[in-house]
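In: Here you go, sequence then predicted model.
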Number of protein chains: 4
Amino acid sequence: MSTDRRVGVWLVGGRGSVATTALTGAAAVAAGLTEPTGMVTMRPPFTEAGMPELGDLVFGGHDVVETPLALRAAKLVDDGVLPHGLPNALGAAIEAAESEQRPGITGHEARTEPRPALGRIVSDLSSFKTRHDLQRLVVVNVSSTEAPVEPHPAHQDPALLMDALDRGLGVLPPSALYALAAIEVGAAFVDFTPSVGARLPAIEALAEAHEVPVAGSDGKTGETFMKSVLAPALGTRNLKVRSWAGYNILGGGDGAALADPERAQSKLDSKGKLLEDILGYPVEAPIRIEDVKDMGEWKTAWDHIVFEGFMGVRMKLQFTWEGCDSTLAAPLLLDLIRLMGLALERGERGPMSSLAFFFKDPVGTSEHALHTQYDMLERWVLQRVVA
Amino acid sequence: MSTDRRVGVWLVGGRGSVATTALTGAAAVAAGLTEPTGMVTMRPPFTEAGMPELGDLVFGGHDVVETPLALRAAKLVDDGVLPHGLPNALGAAIEAAESEQRPGITGHEARTEPRPALGRIVSDLSSFKTRHDLQRLVVVNVSSTEAPVEPHPAHQDPALLMDALDRGLGVLPPSALYALAAIEVGAAFVDFTPSVGARLPAIEALAEAHEVPVAGSDGKTGETFMKSVLAPALGTRNLKVRSWAGYNILGGGDGAALADPERAQSKLDSKGKLLEDILGYPVEAPIRIEDVKDMGEWKTAWDHIVFEGFMGVRMKLQFTWEGCDSTLAAPLLLDLIRLMGLALERGERGPMSSLAFFFKDPVGTSEHALHTQYDMLERWVLQRVVA
Amino acid sequence: MSTDRRVGVWLVGGRGSVATTALTGAAAVAAGLTEPTGMVTMRPPFTEAGMPELGDLVFGGHDVVETPLALRAAKLVDDGVLPHGLPNALGAAIEAAESEQRPGITGHEARTEPRPALGRIVSDLSSFKTRHDLQRLVVVNVSSTEAPVEPHPAHQDPALLMDALDRGLGVLPPSALYALAAIEVGAAFVDFTPSVGARLPAIEALAEAHEVPVAGSDGKTGETFMKSVLAPALGTRNLKVRSWAGYNILGGGDGAALADPERAQSKLDSKGKLLEDILGYPVEAPIRIEDVKDMGEWKTAWDHIVFEGFMGVRMKLQFTWEGCDSTLAAPLLLDLIRLMGLALERGERGPMSSLAFFFKDPVGTSEHALHTQYDMLERWVLQRVVA
Amino acid sequence: MSTDRRVGVWLVGGRGSVATTALTGAAAVAAGLTEPTGMVTMRPPFTEAGMPELGDLVFGGHDVVETPLALRAAKLVDDGVLPHGLPNALGAAIEAAESEQRPGITGHEARTEPRPALGRIVSDLSSFKTRHDLQRLVVVNVSSTEAPVEPHPAHQDPALLMDALDRGLGVLPPSALYALAAIEVGAAFVDFTPSVGARLPAIEALAEAHEVPVAGSDGKTGETFMKSVLAPALGTRNLKVRSWAGYNILGGGDGAALADPERAQSKLDSKGKLLEDILGYPVEAPIRIEDVKDMGEWKTAWDHIVFEGFMGVRMKLQFTWEGCDSTLAAPLLLDLIRLMGLALERGERGPMSSLAFFFKDPVGTSEHALHTQYDMLERWVLQRVVA
């Protein structure tokens, strides 16, 4: 087992709000400037599990935009995401991450020149590892949601997939190329978005073969978190959910991206599977995502739930959830990095269903009840410590 | 073990909305006229545990009011609690319960003539058992919430308590006299209200000594149910709850009873203990109950929760819960009756902490997280079946 | 002036929920079985204006569905729209209206055989007038919302329009054919839907020429009513509205109709014009309509309004409006019938901007502030009484 | 007419959040650093009425606390009320106001030594006028809400009142002594709180006699503003309001002050009169105010309104209003100062019912509908300009 506690963190979408909040927050907690509120792995019983410390993370990333991290951080201060003065206090950490940002690959490159694109990512990841002498690397996708990918036979088989890439076929979106590259360099891969990432049989097989763990998909930050809490509770009380309508208004880049109906579809797909999985019967449950630029980095969800009680009496639960997406996502991202650092150390491979707690559409399981997912997480983390 | 599957059910507050809904609902489910929605014990894995069937329950009760059950049922139809036509279809069941209603004891009687009052209850319970040849009896308090009881040394010790009653001291409110009477005739006792009931050391000791199980207190129907679901979820995510204000508007008898600040105190006491127990730190969490006669049998709670996420960013969760209290309470009442029937059969004695799932202020435990309480319930029900 | 106080009422969509609620309600109020709650013209100062009494209305209608009114009324009882027992008490009134229902024209007929379709409507209206010896007739469109109509030069000019119809061109949707027929027989026409109805220059010119009044469009029942109240209030306080997102969930026929994006467009168009007209500056104000079958006849709107106060501080107003559309629409419909009865008596002709109070998208005015619209209404009704 | 456009502004509670926000805001608008959002008098048609400019206001005040204005302003920046950097940019204006703060009189002084207390206020006001050579002075009470005052015969008559003060009787709370002092020095008096201020027959008579205008009471900033908008709208639609429950959570000094049930009573009294005045019938309308320290300068109101529509169908409107009290109050305060400057110039005297728009409990009128109040305001401001 490695004695080097450092872990490399490569963020795809490295200049975005979530990435900037995560790296600033990691530095702030490491420096004792803030509490690790919102991080699950910083509470007992996880604190004793030997995960990497936040101060041991080394950040780099790819992005297709070029906004300097310092500028993004300043913008996040204006939007109430980062405290006034914090970016200045952490100038060195931001500068260090800035120097490790590389141009991301575009959808066009992925479609037309997949091999060179993949090669470039692999090269960037490898040189990052070498430059910092890193034994462990975790690649996390926090870039904009992609449109759903069109099915292709090459998605089913590693050999067919490699062959298709060699022939220049654009069968993979950027997120999947990043996953492939991560696997190739022996890095763990986490998809915090609903994009395809590693979720193709061919890529999952490659992860197994290369002995790297993969986790995803789509970080469970807000409305879906609430669903995974409330639906099991109503279920244990034997109250029948009749309809559950959810409406989300959000601004920022995410709002604009999801205003594109194709991309929104990826999101809605990953949000829609829960209720039936949890409750065991189909529920009329429309979900809408609305781009409201005025919301900036903030997001409000309104959910309207009608349930039936004894003798058919209809009752109602409504909630509004008002949160800042980056603030909710960043600590979970840091949790996942720490957990995947542990997974690498433990030699885990393939889809990590134990991390379902963090995702709207977890790999390897259809368990969506939050408390059960929490038990799964605790079991995985602790059993190995105990052993 | 008894081969008689029948169980006597004696409801204190037997002419109230909850009692009427429960006995009508039991008959309706038994007759196949409605689904047992809202009953926990009618879902797997509880269905196989051998609890008494709803059709095997025999209802009677005490009440200080005299409104006939048929009239109350008609009123509940008007208020949208019972389906149109149902009371007529179940006339025989309502008539049977009507014939087993007895005048309840008043607060004045409890204060001035506790011994005769107790004697009268014991006599009513005994003759009910005899008349129907019942081997098992469950007494449930669903009467109006009492004001908190003034502490007295006799509350600590069975002998002192009996002596005080003999001397005509009014140290016990009616709910506690009902608990005592139940224990004396070997009946299980459940307090679905926040009144004192069996929750005095002297009475709990008597329950142990007489080998009867007691359960309570204060049925967890609405807002507190939500707290016991949401607070643990926020806790596992390491989000810090900063304030949680709850406002409840309700009508009916309950609204009027709780408009009396003294009685409301009992309710607020039993509601206020949860958050700190669950989260592990004190939370600014005012609760208000408002009598709005116009609400009739309905209740709406609005909760405003401020929590802190990463780097101190404040976020918000608000919910409204709109329910009919009797509709929510009645199926849980029937669950408790079935579970206490099982407990009697198993020879359980004293406070039943395994039933914490059902209560705002559970006896014998400070566990308030709903899913953990559910696990406790499942463990208790199933282990005995397995054994 | 006529001495006959009776007024014929012809409802397009005569078997729908709104129509059934309106005619049942008119009979119930006339019989003294219920209060005229929700009717504006039954309050002072309108009560003295000499409008037709509800008992003087004679109902008939067209519909493309064939559900008997008695069945629809029974369904409305189940859905909580009509009181239990009411339809039975008013059997004669329902029967009378039933006998005056005629098959409506379909979209297909309007597109392929407009002349015969128009002829059939005219004939039905004329024979209704004759059969009941009616001097005044008001035709009201309460049928399902149509998709927006494609622009055509014939819409601009009466002669061109008649010529197009003669040539069998399908340039008009059913709602416009009903408007034309009404004008032809000298009936007032009201469009309570966002369909095109009389809102084409050619048809408005014909209304002027035939000296009949027309009113519309799109009854202002719920969310838009709230907008027309809140936006002027925020405006007078000089608070700047930054965004206003509205989400509507509804079931029933309306929900299904508006799930069709084309038809929804008509609705959204008529809802979207208000804020800028009222506030004087553009506002980011998305609106969504969601079909949730489980909602039945009920509708809930959630609106999320962000406004800016002194020194740029952002504040929020959110509301939910939970109503039954038919219950909200029917009394306004009866108001409009009474008002159009008065307008016929007064010889009003063409678009009635004075009735803007009732509509999301009022003809002849861009005034949307409710209290100003109320003043316009009062002025029109009373000036004539005063004179 | 005076050629001096300057107006002295004396704020009772001069070191509080509202006062600090108002004076900072006035300076910021005058300096062109911010828009006058939230100020009614800065919109047409009021802009042409010749009211004093914000840059012409000279600030001073009394307060019983000693927190420097600069410190208070810094705190308001932290709480999101003032923009970052603003207090620094306006250091001179804050410094100028700081040099004109004087120690306020306490409740104890008012009760035990009313004459010297009154004398001290008069002297402070007079020397302020002299020092700055001010021809017009407006005194505004923005201090903490007082408990209701006990009735006393001296409240009815100026001579009796003066006599009582001479005899050292503590019949007036501080707010009334401030009002008296203002009248004595010929200053206009505005009570932005629900305290008694000038609202005693004796003091109103004195205002008439001394020819000074008085205005009040209790600034209509949030929930009551909403009531004065929604209730008239429901009324014009003839919808019957059945119940209206309001719950307010707030922090800051105001939250703590109103946690005192006696003081809260003043507030609730001034809030409770509206609905019946507007609707013309009594409404079950409880209001609660809850101190939640965590809310800081912010306030959230939840209102739950049940109304009845056609044929008795119950429907609901709920809203949450989330605002910052100082941000809402300060621009209205500046409006009132400008309007009272105009009133002084016009020689108005006694209670100003034309300013009802600004108050929960307006002097001299029971008109509570916002749009009618707006018409009254416009009429008063413009008629004089026109004349």
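Out: Here it is on my side, so go on.

In: can we go C-alpha only for contacts and neighbour counts from here?
Out: Will do.

In: Flag the shaky bits of chain A, pLDDT-wise.
Out: For chain A, residues meeting the criterion pLDDT under 70 lie at A:1-3, A:253, A:266-267, A:269-272, A:384-387.

In: Confirm that residue A:9 lies within a helix, as I assumed.
Out: No: Residue A:9 is assigned strand when assessed by DSSP: H, G, I helix; E, B strand; the rest coil, not a helix.

In: ok, residue A:332 - contacts?
Out: Residue A:332 makes contact with A:38-40, A:219, A:358, according to Cα atoms under 8 Å, 6 or more residues apart in numbering or on different chains.

In: longest single helix anywhere in chain A?
Out: As assigned by DSSP state H, the longest helix anywhere in chain A is helix A:325-346.

In: How far away from the center of its chain is it?
Out: 9 Å (Cα atoms, centre = their mean, to the nearest Å).

In: cool, and stretch A:372-384?
Out: Worked out by Cα atoms, centre = their mean, stretch A:372-384 lies 19 Å from the chain centre.

In: Same question for it: list its buried residues.
Out: A:372-374, A:376-378, A:380-381 (16 or more other Cα atoms under 10 Å in any protein chain shown).

In: contact partners of that stretch?
Out: Outside stretch A:372-384, the residues that reach it (Cα under 8 Å, 6+ apart) are A:45-46, A:49, A:354-357, A:367, B:236.

In: so which of those also contact chain C?
Out: Of the residues in these, proximity to chain C by Cα under 8 Å from any Cα of the partner chain holds for none.

In: so which of those residues is the most crowded?
Out: residue A:356 (28 neighbours; other Cα atoms under 10 Å in any protein chain shown).

In: By proximity to chain D, which residue of the stretch 1-150 of chain A wins?
Out: At 9.2 Å from chain D, residue A:84 is the closest residue in the stretch 1-150 of chain A, using Cα to the nearest Cα.

In: State the helix or strand in which that residue lies.
Out: Assessed by DSSP states H and E, residue A:84 sits outside every helix and strand.

In: what's the closest non-adjacent residue to it?
Out: residue A:77 (5.8 Å; Cα to Cα, 6 or more residues apart in numbering or on different chains).

In: quick one on the thing from earlier: ok, the buried residues of stretch A:372-384 vs residue D:190, which is closest?
Out: Using Cα to Cα, residue A:374 comes nearest to residue D:190 of those, at 58.6 Å.

In: I'd say the residue nearest to residue A:84 and residue A:83 touch.
Out: Yes: the pair residue A:77 and residue A:83 qualifies as a contact (Cα atoms under 8 Å) at a distance of 5.9 Å.

In: Show me what residue of the stretch 151-300 of chain A gets nearest to chain D.
Out: For the stretch 151-300 of chain A, Cα to the nearest Cα, closest residue to chain D: residue A:300, 13.9 Å.

In: Make sure I have this right: that residue is in a strand.
Out: Yes: looking at residue A:300 with three-state DSSP, it is inside a strand.

In: Give the bridge partners for it, please.
Out: In this entry, residue A:300 is beta-bridged to residue A:249, residue A:322, by DSSP bridges.

In: Tell me which residues touch it, please.
Out: A:248-250, A:320-323.

In: so which strand or helix has residue A:304?
Out: strand A:298-308.

In: That strand versus helix B:325-346: what angle between them?
Out: 70 degrees (axes from the mean of the first three to the mean of the last three Cα atoms, to 10 degrees).

In: where does the residue in the stretch 201-350 of chain A that chain D sits nearest to land in three-state SS?
Out: Going by Cα to the nearest Cα, chain D is nearest to residue A:320 of the stretch 201-350 of chain A, at 10.9 Å. Under three-state DSSP, residue A:320 falls in the strand class.

In: So it is in contact with residue B:315, correct?
Out: No: Residue A:320 sits out of contact with residue B:315 when judged by Cα under 8 Å, with a separation of 10.9 Å.

In: What is the neighbour count of residue A:167?
Out: With other Cα under 10 Å as criterion, residue A:167 counts 12.

In: I should have written residue A:99 there, sorry.
Out: Other residues close to residue A:99 by other Cα under 10 Å number 12.

In: same deal with the one 3 residues further on?
Out: Burial of residue A:102, expressed as a neighbour count using other Cα under 10 Å, amounts to 20.

In: got it, and residue A:347?
Out: Neighbours of residue A:347 (other Cα under 10 Å): 12.

In: Write out the residues of chain A neighbouring chain C.
Out: A:242-243, A:245, A:247, A:249, A:284, A:286, A:290, A:292-294, A:302.

In: give me the residue from chain A nearest chain B.
Out: Here the residue of chain A nearest chain B is residue A:319; by Cα to the nearest Cα that distance is 4.0 Å.

In: give the contact list for that residue.
Out: A:301-304, B:317-320.
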